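A.B. asks: what's the 3D shape of this:
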Amino acid sequence: MTHVPTQALLKEQGLRRAPERARQPATGAMASTAVQLLGFLLSFLGLVGTLITTILPHWRRTAHVGTNILTAVSYLKGLWMECVWHSTGIYQCQIYRSLLALPRDLQAARALMVISCLLSGVACACAVVGMKCTRCAKGTPAKTTFAALGGALFILAGLLCLVAVSWTTNDVVQNFYNPLLPSGMKFEIGQALYLGFISSSLSLIGGTLLCLSCQDEGPSRPYQAQPRAATATAPAYRPPAAFKDNRAPSATSASLSGYRLNDYV
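C.D. replies: Residues are numbered from 1 along each chain as shown. Have a look, this model is predicted:
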């Protein structure tokens, strides 16, 4: 009866599968790095868009409706200045001189956009330190923490920018459909508000990708094949020694000793 070396076969199969399982952590690390790069790129574009939105005066523009059909001159209002645009292409801008004289919604939008820009800058620095493709804090657990912190700050900055542009958009729409407001005092949504919506969306998506790239990370250990316990097999049959020694004498041995079995019959 042949016995199959079960333990040896299991060990050989485990060693064959070890290289395949060892490739899985490397593939996962490359995918995580790609997600981090994509998230950082989108968040950085969101930061640039937020800065441009904060600076531009195109938050409100003149609505040419009703009796206000003169298109040679257009008025623009932003967070920091108001401008007059002429059909000849000339801009004349004037910075707001008094902070307390501004409407409360404009003051709130200012504060939200400035905080959003600052948070995006801090988030950008944290993300650069925490990304796997950089050498800063390499090999330390703090690297993953920095990447997650950068993603969370980008999400918070995107929310603040979204609140500011949504609040201003709602105010512009309400004033536009107010029948008691003269046509010359009505404004439309400016280009800066559209850019603000896009920038906040990029910051939210990029920050979410940065956070998702850090949630599955942990101390990776090399795979070691551990074969299962071999199935117990029955031992080979061996006759007891007592039966070997107490065998009945054969006819040949009896004849050699001078006695025959027929003599006793």
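A.B. asks: check contacts around the spatially closest residue to Met185 that is not a sequence neighbour.
C.D. replies: Distances taken as Cβ to Cβ, 6 or more residues apart in numbering put Asn175 closest to Met185, at 7.7 Å, once the chain neighbours are dropped. Any C-beta I mention is one placed from the backbone N, CA and C, and that applies to glycine too. Asn175 is in contact with 181, 185-187, counting by Cβ atoms under 8 Å, 6 or more residues apart in numbering.
A.B. asks: in those, which has the lowest confidence score?
C.D. replies: The member of the contacts of Asn175 with the lowest pLDDT is Met185, at 79.
A.B. asks: and that one, how many residues sit next to it?
C.D. replies: 12 (other Cβ atoms under 10 Å).
A.B. asks: so what's Gly190 up against?
C.D. replies: Contacts of Gly190 (Cβ under 8 Å, 6+ apart): 56, 58-61, 76-78.
A.B. asks: from Arg61, how far off is it?
C.D. replies: 5 Å (Cβ to Cβ, to the nearest Å).
A.B. asks: cool, and Ile189?
C.D. replies: As defined by Cβ to Cβ, Ile189 lies at a distance of 8 Å from Arg61.
A.B. asks: ok, now Gly121?
C.D. replies: 29 Å.
A.B. asks: just want to know which of those two has more residues nearby.
C.D. replies: Of the pair Gly121 and Arg61, Arg61 is the one with more neighbours under other Cβ under 10 Å, namely 21 against 15.
A.B. asks: the more buried one is in contact with Leu193, isn't it?
C.D. replies: No - if you go by Cβ atoms under 8 Å, Arg61 and Leu193 don't touch, sitting 10.0 Å apart.
A.B. asks: quick one: buried ones out of the contacts of Asn175?
C.D. replies: 186-187 (16 or more other Cβ atoms under 10 Å).
A.B. asks: average pLDDT across stretch 56-65?
C.D. replies: 86.
A.B. asks: one step back: pull up the overlap in contacts between Gly190 and Arg61.
C.D. replies: Common neighbours of Gly190 and Arg61 (Cβ under 8 Å, 6+ apart) are 76-77.
A.B. asks: just the element for the residue nearest to Met185, please.
C.D. replies: For Asn175, the host element (DSSP states H and E) is helix 142-176.
A.B. asks: show me what counts as buried in that helix.
C.D. replies: Applying 16+ other Cβ under 10 Å to helix 142-176 flags 143-144, 146-165, 168-169, 171-172 as buried.
A.B. asks: got the confidence number for the closest residue to Leu79 other than its chain neighbours?
C.D. replies: Nearest non-adjacent residue to Leu79, counting by Cβ to Cβ, 6+ apart: Arg110, 5.1 Å away. For Arg110, the pLDDT comes out at 94.
A.B. asks: packing partners for the helix or strand containing Arg110?
C.D. replies: Arg110 belongs to helix 104-130 when elements are defined using DSSP H and E. If contacts are counted by 3 or more Cβ pairs under 8 Å, 6 or more residues apart in numbering; DSSP states H and E, helix 104-130 sits against helix 6-55, helix 142-176, helix 191-212.
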